[in-house]
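Student: attaching a predicted model along with its sequence, questions to come.
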Amino acid sequence: MQKGKIILIVLAITSGIVGCGSEKTPDVKSISIGKDGMIAHQIVGGFEENYDMDEIEKLASDRVAEYCADNGADSVMLESVDQTDGKVLIKLNYATAQDYNDFNHREMFVGTVAEADQQGYQLENIAFISADGKPMEIGYIEDHDKTQIAIIGTKPTEEMVVNIYGKILYINQSATSDLDVSFSGKKGVHITHPQIEDGTGESVLSYIIFE
């Protein structure tokens with residue numbers, strides 16, 4: 001296989017352009033946010049051809065090494081590259097949300113509501129909803145210095161499950177954007193960013209408030 005073609009595959013996978021999933025059902029990309037700030041990222045891509053897994057693993061490893069050389073050792077860790085049922089499964093760990101942001105070119109913020117406000121996120125403009133369907137405005141949420149929020153950007157055709165270490169209180173209502181955002185248990189959120197008709201579209205943020 002041509003090296004250039006493999007590079008494009010690796011870039012597509014590690015940028016989250018193709019689908020990915022959880023350990024039991026690797027169909028949808030998953031991101032797990034740990035209490036220590038680490039981000040676990042599992043991605044799986046399905047391809048019609050047989051690819052050289054050794055070359056894919058080397059190129060993924062080289063990309064991680066290049067990032068770490070500029071941003072510090074262990075800022076991104078390549079846990080594994082496997083092939084299962086005709087799919088390529090890549091597991092990555094990021095030391096911080098900022099490392100996920102910079103490595104994937106996908107916006108991510110994890111911190112308190114107060115810190116998000118300080119970073120310029122206009123949360124007062126977001127319509128939130130609880131797991132039992134009750135609407136909530138950010139102004140009515142207490143303890144902004146303690147309540148946590150995860151903010152994650154996705155582009156058209158992206159789909160993912162976000163797993164949180166704490167109990168999820170509110171998510172942004174789907175009606176406020178092109179996204180379909182829904183609860184997936186007490187600690188998970190499913191995000192689907194549909195294809196725009198003309199094939200284009202900007203990254204859109206999802207908001208998850210938890211404790």
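Tutor: That came in fine, so what should we check first? Numbering: from 1, shown residues only.
Student: residues in contact with stretch 90-107?
Tutor: Identification of contacts with stretch 90-107 by C-beta atoms under 8 Å, 6 or more residues apart in numbering yields 13-16, 20, 31, 33, 37-44, 60, 64, 67, 71-72, 74-81, 108-110, 150-155, 203, 205. Glycine gets a C-beta too; all of them are placed from N, C-alpha and C.
Student: so which residue is dead centre in the protein?
Tutor: Nearest to the geometric centre of the chain sits residue 31, at 4.9 Å (C-alpha atoms, centre = their mean).
Student: surely that residue is in contact with residue 162?
Tutor: Yes - contact between residue 31 and residue 162 holds when scored by C-beta atoms under 8 Å: they sit 5.1 Å apart.
Student: from residue 143, how far off is residue 149?
Tutor: Between residue 149 and residue 143 the computed distance is 12 Å (C-beta to C-beta, to the nearest Å).
Student: just the helices in this protein please.
Tutor: 3-14, 53-71, 97-104, 113-118 (DSSP state H).
Student: hey, what's in contact with both of residue 31 and residue 162?
Tutor: In contact with both residue 31 and residue 162: residue 152, using C-beta under 8 Å, 6+ apart.
Student: contacting residues for residue 125?
Tutor: Neighbours of residue 125 in contact, by C-beta under 8 Å, 6+ apart: none.
Student: got the helices of the chain as TSV, with mean neighbour count, mean pLDDT and distance to residue 186 columns?
Tutor: Listed next are these as TSV, based on neighbours: other C-beta atoms under 10 Å; pLDDT from 0 to 100; distance: least, C-beta to C-beta, whole Å:
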stretch	mean neighbour count	mean pLDDT	distance to residue 186
helix 3-14	16	52	30
helix 53-71	15	90	32
helix 97-104	20	95	21
helix 113-118	16	96	19
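Student: make CSV from these and add distance to residue 133 to it.
Tutor: CSV is the format used below for the helices of the chain (distance: least, C-beta to C-beta, whole Å):
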stretch, distance to residue 133
helix 3-14, 36
helix 53-71, 41
helix 97-104, 29
helix 113-118, 21
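Student: perfect, I'm done here.
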